[in-house]
Structure formats: structure tokens, C-alpha cells
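J.: My questions are about this predicted structure, shown below with the sequence.
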Amino acid sequence: MASTVIGAGITIEGEVTSDEDVVVQGTLRGKLVAKDAVTVEHGGTVEADITSGPVAIAGAVTGNINSSDRVDLQNGAKVVGNVKATRITIADGAQFKGNVDMDV
Amino acid sequence: MVRTARSGGDPSEHAQAVIGRTTRVRGRVSGDGSILIEGNVEGDIAVRGDLTIAEGGRATSSIEADAVTLRGELDGDVRARGLVRIEAGARVRGDITGESVALEEGAEFVGRLDAAFELPAELGGTTGGRRR
């Protein structure tokens, strides 16, 4: 059970910060900072820079992603932005435009 | 993940959006669907759906929603298309406009009520029972 869910049909314009995980099924524009996992589900849209723990994306993200853990771009994901993470996967069917920084 | 995207379903049972306990939102919240606030929201909220501020939740917002249930803290005005319930433990500062308003004993309320309803005898005015 995720602590924070931005449901389908809901739009938040502004800054979201959380110590727990955040699931986006709707739309978030602004900034997203989470200490735990961020999930952008299919149909979810994030137009924001994301700073968080692990990130899983099956929706659309426009913005830079800075993860302290892994980033998974799943089938259906559409990501435009730079990704900084310790590990990254880009699944077949994911669209990605940007740079990857794995901090080697 | 529970998804209740179907509009006109059972809005009071399934919150479609949850602002969790440690989550803070600064900005505007809008759209279709019900919202449960357990954390902190600073910014206006306008939704076609029900809104609940849970115990421990806090909003500095003007709120536009269907039914509104307040158990936490609210600083701001409410315009509801349905019932507004200010429950025990709630601390509300702002003007309330709703189809009807229920103010429970133990709730703290400072503001104006604008609803077509009969004032309970113990209210005797616009200020609610100020306990605590």
C-alpha cells in the first residue's frame, strides 16, 4: 500500500515531497522529491524533476531523474530527461531520450 | 494497486488520490476523483470528487469538492457541492459553504457557515463548540 497516490484524473501543479513512496497515476507538474520509491504507472504523467529512491516508470516523464537507487524504464514508458542512478534498466518498448549517468 | 478510475463509482470508499502522512504538497491540486489528505497540503484544491482531511492531516487551502469530511486541520475556505462534516478533533479556520454542514462536538471551528440548514441549539451562532 503506497503512502501517497496521485490518482488517475488528478493533477497536481507544484512541489510534492515525501518520506515514503509515491505512485503517480495522474499528472504531476513541478517537482517531486521522495525518500522512498517513485512509481509512474501507465497513464501517469510527470513533468517534473524527480529526486528519490528507486524509480519505476511505465508512464510519461519529462524531467531529470536523480535516483539514489535504481531506475527501471518499463514497457510503455516515455522518458525525456537525464537519468542519474546506480542501476538502470530500459525495457523493450520503453522510449527514452536523454543521458544516463551511472556515477562510475 | 487499487484503481477506481470509474467515475460515479463509490467515491467515499475508495480515495483515488492519497496524500500520505509524510507527504507535503505545495501547489494546486485539481481534477476528477476523491482525495484523502493524511499529510500536508499548501495550495488550492479543486476536485470533482470527495475530499477528506484525515486525523493528523493538514491543509492550508481553499477547497472546492463534492462532499468534504474534516478530521484534521484546515486553514481556508470550503465550497462543497455536497455535505460538509466537521468531525471531532478537527480544527477548521475558514468559511464553509455547502449543501449542508454537520459540526460534531469536539470540533474546533472558527469561520462562517453558509448552508441551508437549521442550526442546532447548542451552536447558537456561527462559532462552533470550542473545546480543547
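T.: Everything's here; your move.
J.: Just list whatever residues bridge to A:Thr11.
T.: For A:Thr11, the beta-bridge partners are A:Thr27, B:Ser30 (DSSP bridges).
J.: Ignore what I typed, I meant A:Thr4.
T.: A:Thr4 has the following beta-bridge partners by DSSP bridges: A:Val22.
J.: What about it, how many residues nearby?
T.: Using other Cβ atoms under 10 Å in any protein chain shown, the number of residues around A:Thr4 comes to 27. Using the backbone N, CA and C atoms, a C-beta is placed for each residue, glycine as well.
J.: And the one 4 residues further on, by the same measure?
T.: Neighbouring residues of A:Ala8 were enumerated by other Cβ under 10 Å; the total is 21.
J.: Skipping adjacent residues, who's closest to it in space?
T.: In this structure, A:Ala8 finds its nearest non-sequential neighbour in A:Gln25, 4.4 Å apart by Cβ to Cβ, 6 or more residues apart in numbering or on different chains.
J.: For B:Gly94, see how far away the one you found is.
T.: Using Cβ to Cβ, to the nearest Å, one gets 30 Å for the distance from A:Gln25 to B:Gly94.
J.: dump the residue contacts of the residue nearest to A:Ala8.
T.: Applying Cβ atoms under 8 Å, 6 or more residues apart in numbering or on different chains, we find A:Gln25 in contact with A:Val5, A:Ile6, A:Gly7, A:Ala8, A:Ile10, A:Glu41, A:Gly43, A:Gly44, B:Met1, B:Arg3.
J.: Could you grab the helix/strand/coil label for the fourth one?
T.: Think A:Ala8. Three-state assignment for A:Ala8 (DSSP: H, G, I helix; E, B strand; the rest coil): coil.
J.: Tell me the spacing between the residue in chain B positioned nearest to chain A and A:Thr89.
T.: As assessed by Cβ to the nearest Cβ, chain A sits closest to B:Gly27 within chain B, at 1.2 Å. Per Cβ to Cβ, B:Gly27 is found 31 Å from A:Thr89.
J.: Those two: which is more packed in?
T.: B:Gly27 (19 against 12).
J.: Tell me the predicted confidence for the closest residue in space to the more buried one that isn't next to it in sequence.
T.: Nearest residue to B:Gly27 in three dimensions, chain neighbours excluded: A:Gly14, at 1.2 Å (Cβ to Cβ, 6+ apart). pLDDT recorded at A:Gly14 is 97.
J.: Could you give the number of residues near A:Gly14?
T.: By other Cβ under 10 Å, neighbour count at A:Gly14 equals 18.
J.: And for A:Asn82?
T.: The local packing of A:Asn82 (other Cβ under 10 Å) involves 15 other residues.
J.: Repeat that for B:Ala65.
T.: 24.
J.: tally of neighbours for residue 102?
T.: Going with chain A. There are 11 residues near A:Met102, going by other Cβ under 10 Å.
J.: was after chain B, sorry
T.: Around B:Ala102 there are 15 other residues, counting by other Cβ under 10 Å.
J.: So it sits against B:Ala88, correct?
T.: No: B:Ala102 is beyond contact range of B:Ala88, at 11.2 Å (criterion: Cβ atoms under 8 Å).
J.: A:Gly98 versus B:Asp50, what's the distance?
T.: Distance from B:Asp50 to A:Gly98, counting by Cβ to Cβ: 39 Å.
J.: Which single residue in chain A comes nearest to chain B?
T.: Going by Cβ to the nearest Cβ, chain B is nearest to A:Gly14 of chain A, at 1.2 Å.
J.: Now A:Glu47: phi and psi?
T.: phi -110, psi 80 (degrees, to the nearest 10).
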